[in-house]
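Colleague: the sequence and its predicted three-dimensional model are supplied below.
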Amino acid sequence: MCGRRTTAGRGIRGCRGRVGRRPCRGKWDRAMLGAERRKRLLHVVRAEGVAHVGTLAERLDVSPSTIRRDLSALQAQGLLNRTHGGAMAEAVQADEPDRPQRSGVASWEKSKLASAAVEHVAPGATILVTGGTTTAAMVPLLDGIERLTVVTNSLHLAGELAQFEEISTVVLGGYLRHREMSLLGHLTRQALEELQVDEAFVGAYGITDAGISGAHVDEAETDRWLLSRVRRITALVDGSKFGRSGPVRVAPAGQLYRVITDASAPEDELRALRAAGVDVVQV
């Protein structure tokens, strides 16, 4: 009798014994929690475009090691791509012309935006100028501003700045994105940690009342981190960029200090930016 109860007991337990096939409730709950967590994690990565392990761990209230395991599992399913220290959404990249193609487009408008931007650069300032054809138009206009330091992650801009010995130029390291001649990644971020930057001047793939966005994941990820370390952000965007949204957010509207644009920018979009506290300058 005792032996029969023991055999039956093993059958009822199931989750540890060989007789029962139904998983125990604790394991079932943990499996469900893990699936739900990975679903939430994937939603965050897709919404942000790029996300870091520390940020994900904090938002989901789990350990970084748990996040890393979840990211590896989601990557194995082809749902996202792992990056150094985080992950990015699968295949999020907008179609953007090469730099040589863009450099000749609306060159007069870009010069006007650059000229207006330089008016806000004070002597003795340390500014960050990210890569782009609009921001590149600022370089020759910076000559003559005393005690100016320009920080950049663009080899193209660094080459242009080399003509002006009076401008102190700091080039941030990183891996090279050949198409844009820009330096990206964690080495770029580490280099900026040693500096105090007064203001950043950036271009954008697109701008809406939600902020500015980028077309390339790695580029936008680096720009987003760089902009989080400066005191003020000025975005240079012509009217054609309004209402257009790239796959990766670079900076929300509330983070922007100033937007410099031209007369073709839609007035409703400008009102929305002003309502968010952004100083809008039209030229």
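Modeller: Nice, I can see it.

Colleague: ok but residue 35 is inside a helix, no?
Modeller: Yes. Under DSSP: H, G, I helix; E, B strand; the rest coil, residue 35 falls within a helix.

Colleague: for the stretch 51-200 of the chain, what spans make up the helices?
Modeller: 53-60, 64-76, 99-103, 107-118, 133-136, 139-142, 155-161, 186-192 (DSSP state H, counting those that start in this stretch).

Colleague: of these, which is nearest residue 230?
Modeller: Relative to residue 230, the nearest member of the helices of the stretch 51-200 of the chain by CB to CB is helix 186-192, separated by 8.6 Å. From N, CA and C alone the C-beta is placed, and that goes for glycine too.

Colleague: so which bits of that closest one are buried?
Modeller: Buried positions in helix 186-192, judged by neighbour count with 16 or more other CB atoms under 10 Å: 188, 189, 191, 192.

Colleague: over to residue 270. Which of the three states is it?
Modeller: Here residue 270 is recorded as helix under three-state DSSP.

Colleague: if we ignore the residues flanking it in sequence, what's nearest it?
Modeller: In space, and not counting its chain neighbours, residue 270 is closest to residue 280: 5.2 Å by CB to CB, 6 or more residues apart in numbering.

Colleague: could I get the pLDDT score of that neighbour?
Modeller: For residue 280, the pLDDT comes out at 97.

Colleague: residues in contact with it?
Modeller: By CB atoms under 8 Å, 6 or more residues apart in numbering, the residues touching residue 280 are 258, 259, 261, 270, 273, 274.

Colleague: helix or strand for the last one, which one?
Modeller: Under the criterion DSSP states H and E, the helix or strand holding residue 274 is helix 267-275.

Colleague: where does this structure dip in pLDDT?
Modeller: Counting by pLDDT under 70, the chain contains low-confidence ranges at 1-32, 78, 90-106.

Colleague: quick one, phi/psi of the residue nearest the centre of it?
Modeller: In the chain, the centroid-proximal residue (CA atoms, centre = their mean) is residue 221; its distance is 2.9 Å. The phi/psi pair for residue 221 (degrees, to the nearest 10) reads phi -60, psi -50.

Colleague: returning to that earlier point: part of a strand, is the residue nearest to residue 270?
Modeller: Yes. Assignment of residue 280 by three-state DSSP places it within a strand.

Colleague: gap between it and residue 116?
Modeller: 11 Å (CB to CB, to the nearest Å).

Colleague: before we move on, what about residue 80?
Modeller: Distance of residue 80 to residue 116, given as CB to CB: 40 Å.

Colleague: contacts only, for residue 113.
Modeller: 134, 137, 236, 237, 238, 260, 261, 262, 283.

Colleague: hmm, the fourth one is touching residue 259, no?
Modeller: It stands for residue 237. Yes. If you go by CB atoms under 8 Å, residue 237 and residue 259 touch, sitting 6.5 Å apart.

Colleague: when the two are compared, which one has more neighbours?
Modeller: Using other CB atoms under 10 Å, the more surrounded residue of residue 237 and residue 259 is residue 259, with 25 against 22.

Colleague: list the contacts for residue 209?
Modeller: Taking CB under 8 Å, 6+ apart, we find residue 209 in contact with 253, 269, 272, 273, 276.

Colleague: rerun that using 6 Å as the cut-off
Modeller: Residue 209 sits next to residue 272 when contact means CB atoms under 6 Å, 6 or more residues apart in numbering.

Colleague: again with residue 50
Modeller: 88, 221.

Colleague: run the last query once more with 7 Å
Modeller: Residue 50 makes contacts with 83, 86, 88, 217, 221, 248, as judged by CB atoms under 7 Å, 6 or more residues apart in numbering.

Colleague: now do residue 60
Modeller: Neighbours of residue 60 in contact, by CB under 7 Å, 6+ apart: 37, 40, 41.

Colleague: how near is it to residue 280?
Modeller: Applying CB to CB, the value for residue 60 to residue 280 is 37 Å.

Colleague: look up how far residue 242 lies from residue 151.
Modeller: On the measure of CB to CB, residue 151 and residue 242 end up 28 Å apart.
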